[in-house]
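J.: Following is a predicted model, sequence given first.
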Amino acid sequence: MLDIAFSALGQVLSGGHLAFLALGVLVGLVVGILPGLGGIAGMSILLPFLYGMEPGAALGMLIGMVAVIPTGDTFTSVMMGIPGSSASQATVLDGFPMAKRGEAARALSASFFSSLLGGLIGAAVLSVAIVMARPLVLSFSSAELFMLTLFGLSMVAVLSGRSLVKGVAAAGLGLVIGVIGTAPATGEPRMTFGIDYLYDGVPLVVVAMGLFAIPEIVDLLKRGTAISDRTPLGGGWARGVRDVLSHPWLVARCATLGCVIGALPGLGGAVVDWIAYSHVVQTSRDRTNFGKGDVRGVIAPESANNACQGGALIPTLLFGVPGSGSMAVFLGGMVLLGIQPGVTMVETRLDLTYTIIWSLALANVLGAGLCVLAARQVARLTQVPFVILAPFMVMIAMFAAFQASRSMADLVALIVMGGLGIYLRRFGWPRPALLIGFVLAPGAEAYLYQAVQFYGAEWMLRPGVVIIALITVVSVFLGLRFGSGISSEGDSDTADQQTRGRQIAMAAILIAAGGYCLFEASRLSFLGMVFPLVIGAVTLIGGLAVALRIRGGRLSEIHDDDATAAQAGRWSGREGYLAVFAAVVALIWVIGFLPAMAVFFPAFLIVAGGVRWTSAAAMTVGAVGFIATITWAMTLRLPEGLIAPMLF
Amino acid sequence: MKGFTKTLRGILAVAALTTALPQIVAAQDFKGETVEWTVPFGVGGGTDVWARFFAPLLSQNLPGQPNVVVLNVPGGGSITGANQFAQRASDDGLSILGTSASTQYPAILGDPRVRYDYAEWKAVLASPTGGVVYVDPRYGVSGPADLDSLRAEEIRFASQGATALEMPVLLALKMLELNIRPVFGMESRGAGRLAFERGEAGIDFQTSSAYLGSVVPLVDAGKAMPLFSMGIVDAEGNVSRDPSYPDMPTFVEFFTEATGAAPEGEAFEAWKALMIAGYSLQKMVVLPRDVPAEVHDAYVAAAEAIVAAPDFRERAGEELGVYDQLVGDEADAALQEALTVDPEIRAFLTEWLSQDYGVRF
């Protein structure tokens, strides 16, 4: 085994292999930085190179691309508060506040350095584990996987901030949004309102963009400053590296965690960052700064999400069952190269397996290194007046949302989710809890259903299930005890007692959603009904509890960051910005994406930003050209609009 | 022998093509154009990999060597992408669609979401596949003679869904009167195989490439016992042995030996219809029917040239298997035949699916 490993290393370090690996890394960084794009877009760039390539070098290129996506996506998470991909959602919680504090460079270099170490640890674990991981993967049945989704949901306890009921209700709403679509057990459509688009559910990108990007853009526009509220920028990149070095055990623990979770097919990258984040909250002594810009809140998820890719390779290589979305893409590439995954990967083709593992390690070093070099320059963007960055971010958010299913409905859903996100933020409902519910809904339902079908009621007695249940209980307990200081929704306003009516109205939306879910469930067959029934009830009861507590004047539930202005009858302008974004979507629908941007950019820059028309024109050309180039290079699509097809 | 005549025909076609080439180039030239190949599935899935295997070959063999790009439009188990193609495809040969069994089945069953019609499409290439049903050795079953002991067990089968690729498998198991309890909602056939390997499912099914790659090692290790292959069903409904497993009985042979009589009746007719539409023509390249004749001919010629290339088998490897690819009129005739399902058979299928699995139509 050892000699094979070393001969594979020799091969990886040869010139040709390195060049292709570097190409893969560069592509991976680009698609990682652009939110909403992932391995799929990267694959379509690399594919034309694949034909006729030597399999080892080709795999190195693909793994190089896949490995650094969770490295590159950190840029948007930290700089803009937009989860770059599902693997960097938790990074937003502390990374973005650090950027606002002027510590973007520190946050970025800390996360890149943790990504680097996490990725290396992941590769190291993988190189030993791959030969004996088969039993581990097989020992996790649907029952254990269901328990893991429950464990993931228990993170809500940590992320709820001051009010657990609000967190539970928000997670419930996330679950309700997550069950939109066809039921896994019976294929029945649920809560689709007869709209074809909703048959596949709302795409994750749309939900994440709507909940996080739109409210942050609106909030920053409202404040009218740059992202960073102070100049000059403090905390350079060397400080970030030192931060990581002073927490070696945290990195090791989170990386191991990430590797193990990545190895379980079906759960994958979507929760690993949250689990790592709540792990660091639960095990730290001083928790006062989490959610406000604690560097440990960046280190934990970032060291876990890169290690996760190493873990995810295990089921991909051994069973041909991809452990994550980007691994599905990697698997496709393998098959295209004529390599069938399976036991043979550790028996007769161990050399190829080690080539993959070494490439993974090398790609992590290369990717993180490039990002650290770029971090300083990119961090300066946080000093630019936000009103100039805003149209660019709106464009990126819409571009990303549209790539989810290439339907105009994606953009409509983005605006709807954005509206929801704006009010969730204003009234202090923890959006991360909602996102966790949404991400875990399909897995939770499918695995519960499978577990019951395979094992009957006995699934609860399986040793793995009992162990995970105990861990979950401990985690909830610790989360409740220590998580109360974390707020993802900013601070409330002093006059918040006065706007309780509006806050109750917000709770009423959740109550209505829960109620509607119950109503829909009642029309389904038994197997399609059970899960929506439970989560509908959770949302309904949670919403009611929040409404009652707000009415009763409980401090922990009352939150309105706009209360004073609302009392004084001053309009915050949130709805105005949302209406502008909706108008942009309407414009895209009529005249197409690029023309709409060519109108929106200068109009916004000149009217809202007070930019001179010459610079506005230059920025418009740059932005539209950038999107057009990316679209062309990645063979993506943009909305054509109604008019263009009629003309040609 | 059949394979040989087909190869011969392919060679002749290429020869004919080479002499006729100048005219075709004059008639249809895709030089500098981009062909958009809609694949109604996500990147990395079976149909995507299949399309990406053929895409560069198609590019090389079409006159003028156009750029062929794959456009993935996943959703609705391929209905979304196929609907979109039906609505938007241009009829100049620059839009093609790759379909799979899960595109064909909803059309046969009359799914209300289906807004495409195979009668408006022309197939230029079709790739067949086969598959094998295997059981857990714990049942002590080694062949058709042990059917009774298998019938005595309640056996779980991890499936993607009642109307998915496994539909004819479920029907075959029902015809054998086995007590199968399907567990639906698997993300892929691979996830179903994992459930089998964990011992959760007692019976499983894989299409040929996955069977050869992932199940044969299990069989060799004594962890899986193959029962029968689905066989190859031709357009007339004749069932023959799968060339990938010449020594394995087909479902029909297995049934006949186990029950003492050949399968017949509505269920068997329905099974054959499903096999033709989903396996004999599992994946297809289709063009809109109203493309100009020369465009169609250019595609057929390209498909013939691809399949006839001496290194085609080697390049296709396990993914396409040893099956004969259907090309041109042969593929299209088979397609139109397959999608014209007797209303009685459709009624049988919808009733069976709603009765046994609660599928609503």
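T.: Perfect, thanks for sending it. Please read these numbers as outputs of a predicted model, since none were measured by experiment. Numbering: from 1, shown residues only, chains lettered A, B, ... in the order given.

J.: Give me the contact list for stretch A:310-318.
T.: Under the criterion Cβ atoms under 8 Å, 6 or more residues apart in numbering or on different chains, residues A:119, A:121-123, A:125-126, A:129-130, A:133-134, A:137, A:258-265, A:268-269, A:321-324, A:326-327, A:330-331, A:341-343, A:345-346, A:353, A:356-357, A:360 lie in contact with stretch A:310-318. No exception for glycine: its C-beta is placed from N, CA and C like everyone else's.

J.: Could you list which of those residues belong to helices?
T.: The helices, defined by DSSP state H, take in A:119, A:121-123, A:125-126, A:129, A:134, A:137, A:258-263, A:269, A:326-327, A:330-331, A:345-346, A:353, A:356-357, A:360 from the contacts of stretch A:310-318.

J.: got the contact list for the closest residue to chain B within the stretch 301-450 of chain A?
T.: Here the stretch 301-450 of chain A gets closest to chain B at one residue, A:Gly332, 2.9 Å apart by Cβ to the nearest Cβ. The contact partners of A:Gly332, by Cβ under 8 Å, 6+ apart, come to A:43, B:43-45, B:48-49, B:52.

J.: Tell me how many other residues crowd residue 136.
T.: Going with chain A. 15 (other Cβ atoms under 10 Å in any protein chain shown).

J.: Wait, chain B was what I had in mind.
T.: 20.

J.: ok, and the closest non-adjacent residue to the residue most central in space within chain B?
T.: For chain B, B:Gln282 is the residue whose C-alpha lies nearest the centre (Cα atoms, centre = their mean; 1.6 Å). In this structure, B:Gln282 finds its nearest non-sequential neighbour in B:Thr129, 4.5 Å apart by Cβ to Cβ, 6 or more residues apart in numbering or on different chains.

J.: And that neighbour, how close does it get to B:Ala224?
T.: Separation of B:Thr129 from B:Ala224 (Cβ to Cβ, to the nearest Å): 19 Å.

J.: A:Gln497 now?
T.: From A:Gln497 to B:Ala224 the distance is 67 Å (Cβ to Cβ).

J.: And for A:Phe193?
T.: For A:Phe193 relative to B:Ala224 (Cβ to Cβ), the value is 44 Å.

J.: Same drill for the two, tell me which one is more crowded.
T.: B:Ala224 (24 against 9).

J.: Compute the number of surrounding residues for the closest residue to that one other than its chain neighbours.
T.: Leaving aside its sequence neighbours, B:Ala224 sits nearest to B:Leu218 (Cβ to Cβ, 6+ apart; 4.0 Å). As a burial measure, B:Leu218 scores 21 neighbours (other Cβ under 10 Å).

J.: what do you get for the one 5 residues further on?
T.: If you count neighbours by other Cβ under 10 Å, B:Lys223 ends up with 16.

J.: So it: helix, strand or coil?
T.: coil (DSSP: H, G, I helix; E, B strand; the rest coil).

J.: what are the phi and psi angles of the residue nearest to B:Ala224?
T.: The phi and psi values for B:Leu218, taken as degrees, to the nearest 10, are phi -70, psi -40.

J.: Looks like A:Val365 contacts A:Leu120 (just checking).
T.: Yes: look at A:Val365 against A:Leu120 with Cβ atoms under 8 Å: they come within range, at 7.2 Å.

J.: Neighbour count for these two, which is higher?
T.: A:Leu120 (22 against 17).

J.: Would you point out the helix or strand in chain B whose mean pLDDT is lowest?
T.: Least confident helix or strand, chain B: helix B:2-27 with a mean of 48, by mean pLDDT, DSSP states H and E.

J.: for the stretch 1-150 of chain B, what are the low-confidence residue spans?
T.: The stretch 1-150 of chain B contains residues with pLDDT under 70 at B:1-27.

J.: How about the secondary structure of the residue of it found nearest chain A?
T.: Across the stretch 1-150 of chain B, the shortest distance to chain A (Cβ to the nearest Cβ) belongs to B:Gly44, at 2.9 Å. Three-state call for B:Gly44 (three-state DSSP): coil.

J.: And for B:Ala262?
T.: From three-state DSSP, the assignment for B:Ala262 is coil.

J.: Neighbours of it, how many?
T.: 10.

J.: B:Asp237 is in contact with B:Leu274, isn't it?
T.: Careful, residue B:237 is Gly and not Asp. No: checked against Cβ under 8 Å, the pair B:Gly237 and B:Leu274 is beyond contact range at 11.7 Å.

J.: which of the two has more neighbours?
T.: Counted by other Cβ under 10 Å, B:Gly237 and B:Leu274 do not tie: B:Leu274 has more neighbours, with 28 against 14.

J.: and the helix or strand hosting that one, what's its mean pLDDT?
T.: Element membership for B:Leu274 (DSSP states H and E) is helix B:265-275. For helix B:265-275, mean pLDDT is 93.

J.: The next helix-or-strand element following that helix pairs with which strands?
T.: Beyond helix B:265-275 in the direction of the C-terminus, DSSP H and E gives the next helix or strand as strand B:283-288. In the sheet, strand B:283-288 lines up against strand B:95-99 (antiparallel), strand B:121-127 (antiparallel) (DSSP bridges).

J.: In CSV: those strands, plus distance to B:Asn83 and mean neighbour count.
T.: CSV is the format used below for the strands paired with strand B:283-288 (distance: least, Cβ to Cβ, whole Å; neighbours: other Cβ atoms under 10 Å in any protein chain shown):
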stretch, distance to B:Asn83, mean neighbour count
strand B:95-99, 11, 26
strand B:121-127, 13, 26
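
J.: Make TSV from those strands and add distance to A:Gly610 to it.
T.: Shown next, in TSV, are the strands paired with strand B:283-288 (distance: least, Cβ to Cβ, whole Å):
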stretch	distance to A:Gly610
strand B:95-99	46
strand B:121-127	55
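
J.: so where's the stretch 501-648 of chain A shaky on pLDDT?
T.: For the stretch 501-648 of chain A (pLDDT under 70), the answer is A:648.

J.: no wait, chain A
T.: A:1, A:230-235, A:266-269, A:482-488, A:648.

J.: so what are the domain limits for it?
T.: A:2-224+A:236-485+A:498-551, A:592-647 (automatic domain parsing).

J.: right, so of the ones you listed, which gets closest to B:Gly110?
T.: domain A:2-224+A:236-485+A:498-551 (14.8 Å; Cβ to Cβ).

J.: First-to-last residue distance for the closest one?
T.: 67 Å (Cα to Cα, to the nearest Å).

J.: Under a three-state scheme, what state does A:Arg554 occupy?
T.: coil.

J.: what's the spacing between it and chain B?
T.: Per Cβ to the nearest Cβ, to the nearest Å, A:Arg554 is found 41 Å from chain B.

J.: Up against chain B, what does the stretch 251-400 of chain A have?
T.: A:265-266, A:319-322, A:328-333, A:335-336, A:338, A:340-344 (Cβ under 8 Å from any Cβ of the partner chain).

J.: Now intersect those residues with the strands, please.
T.: Nothing among these maps onto strands, per DSSP state E.

J.: Does the residue of the stretch 1-150 of chain B closest to chain A touch A:Pro322 like I think?
T.: Yes: B:Gly44 is within contact range of A:Pro322, at 7.3 Å (criterion: Cβ under 8 Å).

J.: what residues are shared contacts of the two?
T.: Counting by Cβ under 8 Å, 6+ apart, the residues touching both B:Gly44 and A:Pro322 are A:328, A:330-331.

J.: Between those residues, identify the one with the most neighbours.
T.: A:Phe330 (28 neighbours).

J.: Now render the contacts of A:Gly332 as JSON lines, adding distance to A:Ala579 and neighbour count.
T.: Listed next are these as JSON lines, based on distance: Cβ to Cβ, whole Å; neighbours: other Cβ atoms under 10 Å in any protein chain shown:
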{"residue": "A:Met43", "distance to A:Ala579": "37", "neighbour count": "29"}
{"residue": "B:Val43", "distance to A:Ala579": "36", "neighbour count": "25"}
{"residue": "B:Gly44", "distance to A:Ala579": "39", "neighbour count": "25"}
{"residue": "B:Gly45", "distance to A:Ala579": "40", "neighbour count": "21"}
{"residue": "B:Asp48", "distance to A:Ala579": "40", "neighbour count": "26"}
{"residue": "B:Val49", "distance to A:Ala579": "45", "neighbour count": "21"}
{"residue": "B:Arg52", "distance to A:Ala579": "43", "neighbour count": "27"}
